[in-house]
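Asker: next come a sequence and a model predicted from it.
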Amino acid sequence: RVLGSEHPHVAESYNNIGEVYRKQGKYAKAMIQHQTSLEIKLRVCGNKHPLVAESYHAIGNVYATHGQKEEALEQFHKSLEIKIRVYGKDHPDVADSKFNMGLVHARCNEMDLAHELFLESHRIYSNVYGPGHHRTTNAAVRTANAAQRAGQCAEESALAESDERGTHTYIQCVPRS
């Protein structure tokens with residue numbers, strides 16, 4: 001009542017409830033909450049606002065968790081377009097969308113596409129957060145695993161590591177003979 005039903009904070013509340021439902025495996029309920037959040041954000045903020053990108057990303061996560069590849073990628077792509085327009089191509093939110101798109105492709109065993117997206121997200125995370133950050137390390141591990149599964153590296157040589165202080169991350173790939 002204080003903010004009214006068309007306030008961005010109300011939309012965020014719907015989004016948060018949707019995330020709880022998604023994590024509980026209640027995908028239909030999650031989707032309703034995320035769609036409601038998106039509708040409010042579109043009305044209040046317009047279709048080029050970062051909050052709208054956040055809603056598309058959340059809807060993409062629901063589809064991805066539910067195994068709906070095409071729908072997930074469509075939502076992540078919508079989110080990515082807004083984020084690039086608003087933040088530029090080297091922002092960590094852009095990396096998040098690319099990383100999640102990589103996860104979808106990896107689940108579908110499309111490792112060349114996954115590798116490309118993980119590698120790009122790793123580059124962005126590394127530049128923004130540095131080599132020891134958990135997002136950088138996670139992207140490096142995913143990049144190396146995708147390269148290995150795509151047959152680009154010998155099985156034992158696809159590595160992504162950081163030392164115990166998290167000060168460096170690298171991807172080593174020894175091509176197959």
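Answerer: Structure's in. What do you need?
Asker: from the chain's centre, how far out does stretch 4-19 sit?
Answerer: Computed by CA atoms, centre = their mean, to the nearest Å, the separation of stretch 4-19 from the middle of its chain amounts to 21 Å.
Asker: if you count neighbours, what's buried in that stretch?
Answerer: Val10, Ala11, Glu12, Ser13, Tyr14, Asn15, Ile17, Gly18, Glu19 (16 or more other CB atoms under 10 Å). Glycine gets a C-beta too; all of them are placed from N, C-alpha and C.
Asker: A strand includes Ser5, no?
Answerer: No: going by DSSP: H, G, I helix; E, B strand; the rest coil, the assignment for Ser5 is coil, not a strand.
Asker: give me the number of residues near the closest residue to Gly46 other than its chain neighbours?
Answerer: Distance criterion CB to CB, 6 or more residues apart in numbering; nearest residue to Gly46, sequence neighbours excluded, is Val52 at 7.4 Å. A count of neighbours around Val52, defined by other CB atoms under 10 Å, yields 23.
Asker: thought Val52 was touching Arg43?
Answerer: No: the pair formed by Val52 and Arg43 falls short of the contact definition of CB atoms under 8 Å, at 10.3 Å.
Asker: what's near enough to touch Ser37?
Answerer: Listed by CB atoms under 8 Å, 6 or more residues apart in numbering, the contact set of Ser37 reads Ala11, Glu12, Tyr14, Asn15, Gly18, Ser55, Ala58.
Asker: with secondary structure added, can I get those in a markdown table?
Answerer: As requested, these are arranged in a markdown table below (three-state DSSP):
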| residue | secondary structure |
| --- | --- |
| Ala11 | helix |
| Glu12 | helix |
| Tyr14 | helix |
| Asn15 | helix |
| Gly18 | helix |
| Ser55 | helix |
| Ala58 | helix |
